[in-house]
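Student: Need a 3D model of the sequence below.
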Amino acid sequence: MEFDGARAALKEEREKLVRQLEELGATESGDLRSDLEFGDGFADAGAATAERTEVLGLVETLKGQLGSVDQALGKIDDGTYGYCDSCGRPIPQARLEARPASILCVDCKNQRR
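Tutor: Modelled structure (predicted):
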């Protein structure tokens with residue numbers, strides 16, 4: 001089975017996620033750059049902490065999405081793309097087109113919630 005369209009969509013999504021991480025001041029691995037500042041001075045401490053917490057939450061979400069994209073790309077490479085990681089059944093084509101990073105069928109995804 002050919003998944004060139006999925007591979008292209010996943011690579012595009014990967015580039016977008018890496019770009020978003022960089023815009024937040026994080027590396028691809030999710031580490032914040034050491035030169036990133038969130039305010040200075042005691043009066044700004046609360047606001048800086050809140051901003052840093054928000055940025056860390058966004059970075060964590062993006063890092064998780066990037067991991068899913070990388071996992072899907074790996075599945076294309078090893079020939080297991082399109083099959084549910086949990087039950088092994090084929091993932092419907094419509095789901096893969098809508099969410100190329102899907103590694104679970106809808107039934108298994110819903111069971112994990």
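Student: Nearest residue to the most centrally placed residue in the chain in space, ignoring adjacent ones along the chain?
Tutor: Geometric centre of the chain, nearest residue: residue 65, 1.0 Å, by C-alpha atoms, centre = their mean. Closest residue to residue 65 apart from its sequence neighbours, by C-beta to C-beta, 6 or more residues apart in numbering: residue 17 at 5.6 Å. From N, CA and C alone the C-beta is placed, and that goes for glycine too.
Student: in the host helix or strand of the residue nearest to the centre of the chain, what counts as buried?
Tutor: Using DSSP states H and E, residue 65 sits within helix 45-78. Neighbour counts using 16 or more other C-beta atoms under 10 Å place 55, 59, 62, 63, 65, 66, 68, 69, 72, 73, 75, 76 of helix 45-78 among the buried residues.
Student: Which pair of these spans the longest distance?
Tutor: 55 and 76 (31.5 Å; C-beta to C-beta).
Student: Give me the contact list for stretch 18-30.
Tutor: Residues from elsewhere that reach stretch 18-30, judged by C-beta atoms under 8 Å, 6 or more residues apart in numbering: 32, 33, 36, 55, 58, 59, 60, 62, 63, 66.
Student: Can you tell me which of these is closest to residue 3?
Tutor: For the contacts of stretch 18-30, the nearest to residue 3 is residue 66 (19.0 Å; C-beta to C-beta).
Student: pretty sure the closest one is touching residue 16, no?
Tutor: No. Residue 66 is beyond contact range of residue 16, at 9.7 Å (criterion: C-beta atoms under 8 Å).
Student: Excluding residues flanking it in the chain, which one is nearest residue 89?
Tutor: Distance criterion C-beta to C-beta, 6+ apart; nearest residue to residue 89, sequence neighbours excluded, is residue 105 at 5.8 Å.
Student: For that neighbour, the count of nearby residues, please.
Tutor: Using other C-beta atoms under 10 Å, residue 105 has 20 neighbouring residues.
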